[in-house]
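Colleague: quick one, what's the 3D model for this:
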Amino acid sequence: MDNSFTYVPYPETGYFSHLVTDYLGDHAQIKEFYQFAPTTEGLTQAISERSAYPVNRKTLVASLETQYECLTKYSKTEENIQLLLHENTFTICTAHQPNLLTGYLYFIYKILHAIKLAEQLNELHPDKHFVPVYYMGSEDNDIEELGTFRFRGEKYVWDGDGQSGAVGRMKTAGLKALLSDVFKLFGPPGRNCDELQTLLTAAYLQHSSIAEATQYLVNELFGRYGLIALNPDDTVLKTAFIPVMEDELLRHNAHPIITTQIEKLGTHYKIQAHPRPINLFYLADQLRERIEKKGDNWIVVNTDIQWTPEDLLDELKQHPERFSPNVMLRGLYQETILPNVAFIGGGAEVAYWLQLKTLFLHYKVFFPSIHLRQSVLWISETQARLRNQLALTIPDIFKPELQLERDYVSRHTSADWQTGEETQEIENILNRLKQKANAIDPTLRASAEATLTKMKRQSDVLEKKMLRAEKKKMDVQIQRIARLKSSLFPGNNLQERVDNFSEYYLQYGAAFFDIIKEGLKPLDAQFLVIE
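Modeller: Just a heads-up that it's a prediction; the model follows:
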């Protein structure tokens, strides 16, 4: 299979926030919000300083060994788990919730980015080891998001069968009918079809919880690369986070620390997430609710659960697994249990991590190098043929559809339909008339300006009418532009935020992941287009 890789700077795509592009561009106004730049130099510095922040490696490895008892033992993953016992081994981490069937393509891209970056760092630093880790957000309770995915344009929704609480803890027993509906659209039997159906059946119908199913699925897809899939909803691992959770419950330090950062960051950018007075949930079967301080006691919202100070601390120390960090503290927990040097996330994740540096400094927890996951656009052979017929470059396809139509007409018509020169001439004449009117009577200035505005508007209307007339002559090509845009950017969204990996796996099998990994350049910070 012949594939070409093209790289487009993120600002040129029009799909990324100013905060993200400024961060990648190393703008001065954002420097204070991160510790290590997402560059080779920044990572080298992060690696050098990480050793000053030890983690309990024996506990981490013991937990992973327990979690992997029922998973396929890929040799490279087993080796990486054991390497974590050594002080010269570091992790490259990405995190995501356990979306059903992995949700959208960016789930896959995050993981492959972590794998590729770990490989590159192993080459750059042969005296050290770097291990890719998928950190599962198994405690998220947003079933509306996590239970939804799309396949070939159809939206599939699982409501949890009436279950509530952490999605990772939800039982999978009710998924058989949904999977059966999806399998009917897989197409004729074949190696890829049979492999994928067997894989998804084993994941969701032979494992009791969503977390177990997701960990199995991720391991089967990426274990051959050495990826470690970690479920942090673990009593032993949370024990290491008790001091921070106790401080959060009793002294609520996160709220003022993060709020101060938000006030600074918010002068230039849109804020992604806001802290609460207490940034912890209480977890139990069918329950994940916020903890609040009420008078002298602590309560769990929407329940009858409450504690005195003594009872609360006893509950925390006896059952740390019942306390769950929200988005403001999740990264702090992650960096407490992992010897991590780089975190890979989407644009929204980069944005809220930039709010957290001072919180990490407060708790003396290592703040990693923050990396925007590489976005990917996959162009099929049919789409590539259509792009070439229209003589569009790869950067062109990111332009708005109307601009593409306008550009196409400009290139392929002999008619002079644009009114820019004439409008400028009219404006020059009217400006001279405005000066004359103003010299005679200053009160006529407003009337002259209104006339100028009206003439400009009429000129624009006329140009649009002439453009429509030219577009009618090229109706077939204009429809092809619309078809190409809608297929590559469904609903004007990035493909990676709509499609599910299964569509591509059915066609390419596991080679789909190899192709993407080959094209990824984790440290180049550009949008990857695979054709």
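Colleague: going forward, measure contacts and count neighbours with C-alpha atoms only.
Modeller: Will do.
Colleague: where in the protein is pLDDT low?
Modeller: Under the criterion pLDDT under 70, the flagged ranges of the chain are 1, 412-427, 429, 433-434, 437-438, 441, 444-445, 447-453, 455-456, 458-474.
Colleague: next, name the residue at the spatial heart of it.
Modeller: What sits nearest the mean C-alpha location of the chain, by Cα atoms, centre = their mean, is Gly346, with 2.8 Å.
Colleague: do you know how far that one is from Gly153?
Modeller: Here the criterion is Cα to Cα, to the nearest Å. By it, Gly346 lies 23 Å from Gly153.
Colleague: likewise Gln526?
Modeller: Look at Gln526 and Gly153: by Cα to Cα, they are 28 Å apart.
Colleague: now swap in Thr259 and tell me
Modeller: Thr259 is 41 Å from Gly153, by Cα to Cα.
Colleague: of Gln526 and Gly153, who's got more company?
Modeller: For Gln526 and Gly153, the more surrounded residue by other Cα atoms under 10 Å is Gln526, and the numbers stand at 23 against 11.
Colleague: give the contact list for the residue nearest to the more buried one when sequence neighbours are not counted.
Modeller: Leaving aside its sequence neighbours, Gln526 sits nearest to Pro9 (Cα to Cα, 6 or more residues apart in numbering; 4.7 Å). By Cα atoms under 8 Å, 6 or more residues apart in numbering, the contact set of Pro9 is Ala525, Gln526, Phe527.
Colleague: do Pro309 as well
Modeller: Contacts of Pro309 by Cα under 8 Å, 6+ apart are Asp296, Asn297, Trp298.
Colleague: please enumerate the helices of the stretch 251-400 of the chain.
Modeller: Ranges of helices in the stretch 251-400 of the chain, per DSSP state H, counting those that start in this stretch, are 254-265, 309-318, 327-337, 347-353, 357-363, 381-389.
Colleague: out of those helices, which gets nearest to Gln286?
Modeller: Proximity to Gln286, assessed across the helices of the stretch 251-400 of the chain by Cα to Cα, is greatest for helix 309-318 (18.3 Å).
Colleague: buried ones in the closest one, by neighbour count?
Modeller: By neighbour count with 16 or more other Cα atoms under 10 Å, helix 309-318 contains the buried residues Leu312, Leu313, Leu316.
Colleague: what do you get for stretch 156-163?
Modeller: Tyr156, Val157, Trp158, Gly160.
Colleague: wait, the last one touches Ala173, no?
Modeller: No. Distance between Gly160 and Ala173: 9.8 Å, which falls outside the contact criterion (Cα atoms under 8 Å).
Colleague: buried stuff in the helix or strand hosting Leu64?
Modeller: For Leu64, the element it lies in under DSSP states H and E is helix 57-67. Within helix 57-67, the residues that count as buried by 16+ other Cα under 10 Å are Arg57, Thr59, Leu60, Val61, Ala62, Ser63, Leu64, Gln67.
Colleague: how much space between the fifth one and Pro189?
Modeller: By that I understand Ala62. Distance, Ala62 to Pro189, using Cα to Cα: 41 Å.
Colleague: got the angle for the helix holding Leu64 vs helix 327-337?
Modeller: 110 degrees (axes from the mean of the first three to the mean of the last three Cα atoms, to 10 degrees).
Colleague: next secondary structure after helix 57-67?
Modeller: Past helix 57-67, the next helix or strand by DSSP H and E is helix 75-83.
Colleague: moving C-terminal of that following helix, what's the next helix or strand?
Modeller: strand 89-96.
Colleague: just checking, what packs against that following strand?
Modeller: Applying 3 or more Cα pairs under 8 Å, 6 or more residues apart in numbering; DSSP states H and E, we find strand 89-96 packed against helix 105-124, strand 129-136, strand 340-345.
Colleague: which one of the ones you listed is the most hemmed in?
Modeller: Ranked by mean neighbour count under mean count of other Cα atoms under 10 Å, the helices and strands packed on strand 89-96 are led by strand 340-345, which reaches a mean of 26.
Colleague: strand partners (parallel or antiparallel) of it?
Modeller: strand 89-96 (parallel), strand 369-372 (parallel) (DSSP bridges).
Colleague: dump those strands into a markdown table; add distance to Asn80 and mean neighbour count as well.
Modeller: Below are the strands paired with strand 340-345 laid out as a markdown table (distance: least, Cα to Cα, whole Å; neighbours: other Cα atoms under 10 Å):
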| stretch | distance to Asn80 | mean neighbour count |
| --- | --- | --- |
| strand 89-96 | 9 | 24 |
| strand 369-372 | 21 | 25 |
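Colleague: what about the residue nearest to Ser4 when sequence neighbours are not counted, neighbour count?
Modeller: Counting by Cα to Cα, 6+ apart, Glu531 is the residue found nearest to Ser4 once chain neighbours are left out, at 5.3 Å. When neighbours are defined as other Cα under 10 Å, Glu531 has 18 of them.
Colleague: report the contact partners of Glu531.
Modeller: Asn3, Ser4, Phe5, Trp378, Ile379, Ser380, Glu381, Ala384.
Colleague: and the two most separated of those residues?
Modeller: Phe5 and Glu381, at 13.6 Å, using Cα to Cα across these.
Colleague: now Ile143: how far from Pro98?
Modeller: Counting by Cα to Cα - Ile143 and Pro98 are separated by 10 Å.
Colleague: need the residues touching each of these two.
Modeller: Val167.
Colleague: so which of those two has more stuff around it?
Modeller: Pro98 (27 against 21).
Colleague: for Gln197, find the nearest of the strands paired with strand 340-345.
Modeller: So among the strands paired with strand 340-345, strand 89-96 is nearest, using Cα to Cα, at 23.2 Å.
Colleague: could you dump the helices of the stretch 251-400 of the chain to TSV with distance to Pro232?
Modeller: What follows is these, written out as TSV (distance: least, Cα to Cα, whole Å):
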stretch	distance to Pro232
helix 254-265	21
helix 309-318	16
helix 327-337	8
helix 347-353	18
helix 357-363	19
helix 381-389	41
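Colleague: between the ones you listed, which one is nearest to Lys238?
Modeller: Among those, helix 327-337 sits nearest to Lys238 (Cα to Cα), with 8.0 Å.
Colleague: Ala351 contacts Ile271, correct?
Modeller: Yes. Ala351 is in contact with Ile271 according to Cα under 8 Å; the separation is 7.5 Å.
Colleague: those two: which has the busier surroundings?
Modeller: The neighbour comparison of Ala351 against Ile271 (other Cα under 10 Å) goes to Ala351, with 23 against 17.
Colleague: mind listing what that one touches?
Modeller: So Ala351 contacts Leu19, Val20, Ile271, Gln272 (Cα under 8 Å, 6+ apart).
Colleague: any idea how far the third one is from Val20?
Modeller: Between Ile271 and Val20 the distance, using Cα to Cα, works out to 12 Å.
Colleague: how far out from the middle of the chain is stretch 58-70?
Modeller: Relative to its chain's centre, stretch 58-70 lies at 27 Å (Cα atoms, centre = their mean, to the nearest Å).
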